[in-house]
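Participant: Provided below for reference: sequence and predicted model.
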Amino acid sequence: MDRKDLALLCDYYEITMGNGYFDLGMKEKTAYFDVFYRKNPDHGGYAVAAGLEQIAEYIKGLRFSASDIEYLRKRKVFSEDFLKYLETFRFTGDVWAVPEGTVVFPYEPILIVRAPLIEAQLVETYVLLQINHQSLIATKASRIVRAADGRPVSEFGSRRAHGEDAAVLGARAAFIGGCSGTACALSDKDYGVPAGGTMAHSWVQLFENEYLAFKAYCKLYPDNPTLLVDTYNTLESGVPSAIRAIKDVLRPLGKTACAVRIDSGDITYLTRKIRKMLDEAGLTDCKITVSNSLDEHIITEILRQGACVDAFGVGERLITSASDAVFGGVYKLAATEEDGVITPKIKVSENIEKITNPHFKKVYRIYSKETGKAEADLICLYDEEFSEDEPLEIFDPHYTWKKKTFTDFRLRELLVPVFKNGKCVYEFPPIEEVRRYCAEEIGTMWDEVLRFENPHNYYVDLSDELWELKNRMIEEKRN
C-alpha cells in the first residue's frame, strides 16, 4: 500500500507503443482519450463513478525509477533515447472527470485525458484499474444500501477481497456508494472510512459458555456492544445468554445501546423470534444485525418476508461484486491535436456497441425544474453551448425518430477539470462529503431507473453535430 513506484503498473504494450511514438517523432502530438463503459453492472439502470482520487495521486507521483529504466534496458527492445526520455518523465497534460459519487451511464465519457501522446498512453492501465474496480464496488454498494431501505449497511469483505488493495479501496468505494462503515481498520486509517466490529465465533468458543463470553465482552466494551449469538444454538442458548449478560452488566451501568448479530440460519424466521424474545425481556432498544453472504436481492426478499433487522453486514458479494464482477470501462482515442487543430478519431467495428464517439466532448445532464429529477444526458462537442432559455430537443442516437423537447429545464456540465498542464487543480472533498453527494445523486434519479429488475433505460443522447460527425466518419471509414 505504501508502494509509490507504479510506473510499470501498466500493460507492456503501452511502453512499446510509447517507444514507437518517440522513435517516429510523434511524442509532441497531443491525444484525447475517453474513459467510458458499455453496460451497467447487474443489468442495472445506472452506475456510480469512483476511484478518481487515487488516479490523481498516481498521476502526481508518476516517475520512472532507475530500477524501472534498467529493467526496460535489459529487454533490449527500447531505444536509449526513449529510456533517457523516461528518466525525466512527468505528466504534463489535462484531465477532466466526473466527481466521485456521480451517477453515470453507458457510453458517456466519465474521464477524459488530453496529453502528449506518450503520456496519455502510459496512464491508461492505472486509470482503468481504479475506475473499473472502485466504480464496480460503489455501484454494488449503492444497490445493497437501497435494498436495506434506510438500515445501516457495513462492509465486511476484507478477508474475501482479491488482494490488499481490493480490500482497502473496496471499502472506500463501498462507503462512497452508501455503506455506513467497514470492518477494515486500514481503510479507516488511510481514507477515513469508519471502522467497527465486535467479536467472532472464536471469542465465544474460548469461554466455558456463551453467557461468560458475553459478560466478559460487555464489561470490556460497555458502549454499544454487539453479541454474536449463533455459535451453538441461536434461540436456545445464544439469545438467552445475551439477554442475561445485557441485564447483568449493561443495565446496572445505565447502558441501553446494544445489539445481537446472527451470521447463519433462516434470517427471516430467526430475527422474528429474536425480536420477540428481546421485547419480552424488556430489551426493546437492543438491535438485531445480520450477515451471511447477503446481497441486494436477498436483503429485499427477507425484508419483504418480514425479517426484523436493524442493520446489515455484507461481505463477499459486495467486496467482489460477485454477481457481476467486471465493470468493463475502456480507454479509447477520440481525437488528436497538432498546432491547435483538433482532428477527431473513431473506431469502427462490426459490433455496433464498439463503435466509439469521436472528438473532444463534454456531457450535460438535463434536469426537470419542476421535479428536480434527471431526465437525460447529452453528449456534445467540446465547443457546443445550449441555453436553458430556449427549448432543447434531443433524440435517441439509435432510433432517431424518438425525440423529446425540454422547455423548463436545468443543465449541468458533468465533467470538471482535474489536471491542467500537469498540475492538479481539483480539490478533493472529504470522503463523507463524497458519500453525501452520491446519495444526493441517487435522489435525482427516477425510481424506474433505480429498480433492480428491468430498469428504465435512461437516455444518453448525442447532439446533432456529434451525431452527424460520427455518421459521416463511419461512412468515410467504410469506404
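Facilitator: Right, received. Where do you want to start?
Participant: please count neighbours and contacts with C-alpha atoms only from this point.
Facilitator: OK.
Participant: show me the helices in the stretch 101-250 of the chain, by range?
Facilitator: Ranges of helices in the stretch 101-250 of the chain, per DSSP state H, counting those that start in this stretch, are 117-122, 124-148, 164-176, 185-191, 201-205, 210-220, 239-245.
Participant: which elements pack onto the second one?
Facilitator: In this case it means helix 124-148. strand 47-48, helix 52-60, helix 164-176, helix 296-304, helix 316-319, strand 330-338 (3 or more CA pairs under 8 Å, 6 or more residues apart in numbering; DSSP states H and E).
Participant: ok, now with 6 Å
Facilitator: strand 47-48, helix 164-176, helix 296-304 (3 or more CA pairs under 6 Å, 6 or more residues apart in numbering; DSSP states H and E).
Participant: make TSV out of these and add mean neighbour count.
Facilitator: Conversion of the helices and strands packed on helix 124-148 to TSV gives the following (neighbours: other CA atoms under 10 Å):
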stretch	mean neighbour count
strand 47-48	28
helix 164-176	26
helix 296-304	16
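Participant: give me the neighbour count for S291.
Facilitator: 19 (other CA atoms under 10 Å).
Participant: show the contacting residues for it.
Facilitator: By CA atoms under 6 Å, 6 or more residues apart in numbering, S291 lies in contact with D263, F312, G313, V314.
Participant: rewinding a little: dump the helices and strands packed on helix 124-148 into CSV; add distance to E80 and mean pLDDT as well.
Facilitator: CSV is the format used below for the helices and strands packed on helix 124-148 (distance: least, CA to CA, whole Å; pLDDT from 0 to 100):
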stretch, distance to E80, mean pLDDT
strand 47-48, 43, 98
helix 164-176, 34, 97
helix 296-304, 54, 97
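Participant: Y459 is nearest to which of those?
Facilitator: strand 47-48 (13.8 Å; CA to CA).
Participant: the closest one pairs with which strands, and in what direction?
Facilitator: strand 103-104 (antiparallel) (DSSP bridges).
Participant: neighbouring contacts of the strand it pairs with?
Facilitator: In contact with strand 103-104 (CA under 6 Å, 6+ apart) are residues A47, V48.
Participant: tell me the mean pLDDT for that strand?
Facilitator: Averaged across strand 103-104, pLDDT comes to 98.
Participant: same check on stretch 186-206?
Facilitator: Stretch 186-206 comes out at a mean pLDDT of 96.
Participant: now that stretch - C-alpha only, CSV.
Facilitator: Coordinates of each C-alpha in stretch 186-206 appear next as CSV, following Å, rounded to 0.1, in the frame of the first residue of the first chain:
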residue,chain,number,x,y,z
LEU,A,186,-6.7,0.2,7.4
SER,A,187,-9.4,1.8,5.3
ASP,A,188,-10.3,3.9,8.3
LYS,A,189,-6.7,4.9,8.9
ASP,A,190,-5.9,5.7,5.3
TYR,A,191,-9.2,7.0,4.0
GLY,A,192,-11.4,7.9,6.9
VAL,A,193,-14.0,5.1,6.3
PRO,A,194,-15.5,4.5,9.8
ALA,A,195,-14.3,1.0,11.0
GLY,A,196,-16.2,-1.0,13.5
GLY,A,197,-16.8,-4.6,14.7
THR,A,198,-17.1,-6.6,17.9
MET,A,199,-16.5,-10.3,18.1
ALA,A,200,-16.1,-13.5,16.1
HIS,A,201,-17.3,-17.0,16.9
SER,A,202,-13.8,-17.8,18.3
TRP,A,203,-14.3,-15.3,21.1
VAL,A,204,-17.4,-17.3,22.2
GLN,A,205,-15.7,-20.6,21.8
LEU,A,206,-12.8,-19.7,24.1
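Participant: what are the buried residues along that stretch?
Facilitator: L186, S187, D188, G192, V193, P194, A195, V204 (16 or more other CA atoms under 10 Å).
Participant: off-centre distance for that stretch?
Facilitator: Centre-to-centre, stretch 186-206 and its host chain are 22 Å apart (CA atoms, centre = their mean, to the nearest Å).
Participant: for stretch 47-64, same thing?
Facilitator: From the chain centre to the centre of stretch 47-64 is a distance of 13 Å (CA atoms, centre = their mean).
Participant: ok, and what's touching that stretch?
Facilitator: In contact with stretch 47-64 (CA under 6 Å, 6+ apart) are residues 7, 87, 100-104, 127, 130-131, 134-135, 138-139.
Participant: can I get the buried part of these as one ChimeraX selection?
Facilitator: Of those, the buried ones go into a single ChimeraX selection, burial set by 16+ other CA under 10 Å:
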select :7,100,101,102,103,104,127,130,131,134,135,138,139
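Participant: assign a three-state SS to the nearest residue to V460 once chain neighbours are set aside, would you?
Facilitator: With sequence-adjacent residues excluded and distances taken as CA to CA, 6 or more residues apart in numbering, V460 is closest to D377, at 4.7 Å. Assigned by DSSP: H, G, I helix; E, B strand; the rest coil, the conformation of D377 is strand.
Participant: check contacts around D377.
Facilitator: Y364, R365, I366, V460.
Participant: returning to that earlier point: output the helices of the stretch 101-250 of the chain as CSV; include the columns distance to Y426.
Facilitator: Formatted as CSV, the helices of the stretch 101-250 of the chain follow (distance: least, CA to CA, whole Å):
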stretch, distance to Y426
helix 117-122, 19
helix 124-148, 17
helix 164-176, 18
helix 185-191, 18
helix 201-205, 45
helix 210-220, 45
helix 239-245, 50
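Participant: and L253, which of these is closest to it?
Facilitator: Across these, closest to L253 is helix 210-220 (CA to CA), at 9.9 Å.
Participant: quickly list the domain ranges of this structure.
Facilitator: Domain segmentation of the chain under automatic domain parsing yields 12-137+325-478, 138-319.
Participant: please report how far Y37 lies from Y21.
Facilitator: Counting by CA to CA, to the nearest Å, the gap from Y37 to Y21 is 27 Å.
Participant: looking at the two, which is more packed in?
Facilitator: Just comparing Y37 and Y21: by other CA under 10 Å the higher neighbour count belongs to Y37, 21 against 17.
Participant: so for that one, what's the pLDDT?
Facilitator: Y37 is given a pLDDT of 98.
Participant: repeat for D396
Facilitator: pLDDT, D396: 89.
Participant: for it, what are its contacts?
Facilitator: By CA under 6 Å, 6+ apart, the contact set of D396 is K402, D461.
Participant: from the contacts of stretch 47-64, which single one is nearest K373?
Facilitator: V103 (12.4 Å).
Participant: report the beta-bridge partners for the closest one.
Facilitator: Beta-bridge partners, per DSSP bridges, of V103: V48.
Participant: and it, how close does it get to A439?
Facilitator: 10 Å.
Participant: before we move on, what about V449?
Facilitator: Taken as CA to CA, the span from V449 to A439 is 15 Å.
Participant: could you do F207 as well?
Facilitator: Counting by CA to CA, the gap from F207 to A439 is 43 Å.
Participant: cool, thanks, talk later.
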